[in-house]
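Chemist: here is a sequence together with a model predicted from it:
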Amino acid sequence: MDNNKKIDLVDFSRVLLIKIDVIFHIIAAFILLVICGIVLYKAVQNSLSFEIIKLIEAVNEVLLALIILEILWTIIRFLKKQKFSLVPFLDVGIIASVRRILLIEVQTSTIEHPPIEKLYEIMVSAGVILALVIAYFIIVKAQKYEN
């Protein structure tokens, strides 16, 4: 009888922790939605400007919103109990690297001779994009063989 109480307590604790985990995921999803809305609002404001810097900032903000939405979809997949996938993280990595290249371009666009470190950063980001695209195609091919 004492053993049954321990099992019941363990089951109850497991169920409680899972429910709390789901609640926290839902809260995180709503926070991400609010942040995404704010970022997109700022992007709209910047896109109404005809200054090239503001337009590039708008593109940067839209890419940030896409990153946030990819993370949100990961949470939604978790809540729907769907199979875990690396593809959204590869998407986020690619978008983040493109975003980084754009930011470096904005920072160095007014400089006649950009520092060599900035060029190295662009090369590294381009290398990361290439590696992530290769990983994406490997994952897609592997998924075709699984099905």
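Modeler: In hand now; what should we look at?
Chemist: mean confidence for the helix or strand hosting Lys144?
Modeler: Using DSSP states H and E, Lys144 maps to helix 116-146. Predicted confidence along helix 116-146 averages 92 (mean pLDDT).
Chemist: which other helices and strands contact it?
Modeler: Helix 116-146 is packed against helix 87-108, with contacts defined by 3 or more Cβ pairs under 8 Å, 6 or more residues apart in numbering; DSSP states H and E. For every residue, glycine as well, the C-beta is placed using N, CA and C.
Chemist: ok and the helix it packs on relative to helix 116-146, angle-wise?
Modeler: If you take axes from the mean of the first three to the mean of the last three Cα atoms, to 10 degrees, helix 87-108 sits at 160 degrees to helix 116-146.
Chemist: are there helices or strands packed against helix 87-108, and which ones?
Modeler: With contacts defined as 3+ Cβ pairs under 8 Å, 6+ apart, the secondary structure elements packing on helix 87-108 are helix 52-79, helix 116-146.
Chemist: contacting residues around Val44?
Modeler: For Val44, the residues meeting the contact criterion (Cβ atoms under 8 Å, 6 or more residues apart in numbering) are Ala58.
Chemist: and the gap between it and Glu51?
Modeler: Shown here: Val44 relative to Glu51, a distance of 15 Å by Cβ to Cβ, to the nearest Å.
Chemist: tell me how this structure divides into domains.
Modeler: Structural domains annotated on the chain: 1-82, 85-147, as defined by automatic domain parsing.
Chemist: low pLDDT regions in this protein?
Modeler: Regions of the chain meeting the criterion pLDDT under 70 cover residues 1-6, 147.
Chemist: can you do 80?
Modeler: 1-7, 106-107, 109-110, 146-147 (pLDDT under 80).
Chemist: quick one, longest helix in it?
Modeler: Secondary structure assigned by DSSP state H gives helix 2-47 as the longest helix of the chain.
Chemist: now do that helix against helix 52-79, angle only.
Modeler: 160 degrees.
Chemist: tell me how far helix 2-47 lies from the chain's centre.
Modeler: The gap between the average C-alpha position of helix 2-47 and the chain average comes to 17 Å, counting by Cα atoms, centre = their mean, to the nearest Å.
Chemist: can you check stretch 123-143 too?
Modeler: 16 Å.
Chemist: next, the contact list for the residue nearest to Leu40 when sequence neighbours are not counted, please.
Modeler: By the measure of Cβ to Cβ, 6 or more residues apart in numbering, the closest residue to Leu40 outside its immediate chain neighbours is Ala65, 5.1 Å from it. Counting by Cβ under 8 Å, 6+ apart, Ala65 touches Cys36, Val39, Leu40, Ala43.
Chemist: I am finished for the moment; much appreciated.
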